[in-house]
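Peer 1: sharing a model that was predicted from the sequence below.
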Amino acid sequence: MRIEKISNNQIKCVLEKDELLSRHINVSELAYGSEKAQELFQDMMKQASYEFGFESTNAPLMIEAVPLSGEGIMLIITKVDNPDELEAKLTQEPEEKEAKPETPAKADTEAPLEQEIRSKSTDFSDDELISAFFVYAFHKLDDVSHVAAKLLEFPFDNSKLYKTHAGQYVFVVSSEAISKDACKVVRGFLSEYGEAIHCRRSRLNHFDEHYETLIKENAIKILGTM
């Protein structure tokens, strides 16, 4: 179990296939809140509390599940201080055109929880096409190349790679026509190794001026086939 703190209200947990097997848990059980899945979630929250001081007592949580390569899974856990805000998140489509949940799941733990588990398939043929824009920061170039190889099958129109003065790699990918479900899988790949940078497309002008441009276009193809 690998847990990372994204912000004061959000953590990311990566569960490998071997760990799920050792606990005798199928990915589908996470969506339906089985007893073993709830025990795993409680262990996860205890570890998050110990490592980062992430406390969920009396706070509703929104949990987003993204399948990873190798049959693992990544959980994005967001603490919502205002319950009305949680309802808004579940009923309004966010700026990045994220897919709305189809099957919310409830699970009883030591504190009141509102959990949202979304399982995504790899069949995107019938999904609505949207415009998407992702910006992620990476510490290692090898990690960017690893992710780029996974993105080769997706219809991205443009992709760039920058390097900051601090030595980080900023990976920018965009598409004018990609399915919502594909966006969810892509976000999972990017988040497995990188950290999201929330910005608008106009921010690229700042990147062009202040960062070193390593690959001006077709970064996915160049890095993914290295």
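Peer 2: Alright, I've got the coordinates. Numbering: from 1, shown residues only.

Peer 1: give the burial count for residue 74, as a bare number.
Peer 2: 19 (other Cβ atoms under 10 Å). For glycine as for every other residue, the C-beta is placed from the backbone atoms N, C-alpha and C.

Peer 1: next helix or strand past the longest helix along the chain?
Peer 2: In the chain, taking DSSP state H as the definition, the longest helix is helix 35-52. Next in sequence after helix 35-52, counting helices and strands by DSSP states H and E, comes strand 61-67.

Peer 1: how far off centre is that following strand?
Peer 2: 8 Å (Cα atoms, centre = their mean, to the nearest Å).

Peer 1: for stretch 48-63, same thing?
Peer 2: 18 Å.

Peer 1: same thing with stretch 43-51?
Peer 2: That offset, for stretch 43-51, works out to 19 Å (Cα atoms, centre = their mean).

Peer 1: cool, stretch 189-200 as well?
Peer 2: The answer for stretch 189-200 is 7 Å, by Cα atoms, centre = their mean.

Peer 1: quick one: buried residues of it?
Peer 2: 189, 190, 191, 192, 193, 194 (16 or more other Cβ atoms under 10 Å).

Peer 1: swap in stretch 203-212?
Peer 2: For stretch 203-212, the neighbour count (16+ other Cβ under 10 Å) marks 204, 207, 211 as buried.

Peer 1: any chance of a markdown table for those residues, columns distance to residue 7 and secondary structure?
Peer 2: Listed next are those as a markdown table, based on distance: Cβ to Cβ, whole Å; DSSP: H, G, I helix; E, B strand; the rest coil:
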| residue | distance to residue 7 | secondary structure |
| --- | --- | --- |
| 204 | 23 | helix |
| 207 | 22 | helix |
| 211 | 23 | coil |
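
Peer 1: just checking, what packs against the longest helix of the chain?
Peer 2: Judged by 3 or more Cβ pairs under 8 Å, 6 or more residues apart in numbering; DSSP states H and E, helix 35-52 is in contact with strand 2-7, strand 10-15, helix 27-32, strand 73-79.

Peer 1: which of those has the lowest average pLDDT?
Peer 2: The stretch with the lowest mean pLDDT among these is helix 27-32, at a mean of 62.

Peer 1: between the helices and strands packed on helix 35-52, which one is nearest to residue 54?
Peer 2: Between residue 54 and those, the shortest gap by Cβ to Cβ is with strand 10-15, which sits at 5.5 Å.

Peer 1: just after that closest one, pick out the following helix or strand.
Peer 2: Of the helices and strands lying after strand 10-15 in sequence (DSSP H and E), the nearest is helix 17-22.

Peer 1: and that following helix, C-alpha only, in CSV?
Peer 2: C-alpha atoms of helix 17-22 as CSV (Å, rounded to 0.1, in the frame of the first residue of the first chain):
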residue,chain,number,x,y,z
LYS,A,17,-2.4,-6.7,-7.4
ASP,A,18,-0.3,-8.8,-4.9
GLU,A,19,-1.7,-6.8,-1.9
LEU,A,20,-5.3,-7.3,-3.1
LEU,A,21,-4.6,-11.0,-3.6
SER,A,22,-3.1,-11.3,-0.1
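
Peer 1: that one: which residues count as buried?
Peer 2: residue 20.

Peer 1: low-confidence ranges, the protein, go.
Peer 2: 27-33, 57-59, 69-71, 81-127 (pLDDT under 70).

Peer 1: measure the residue nearest the centre of it to residue 75 for me?
Peer 2: Geometric centre of the chain, nearest residue: residue 188, 4.1 Å, by Cα atoms, centre = their mean. Note on residue 188: its distance to residue 75, by Cβ to Cβ, to the nearest Å, is 10 Å.
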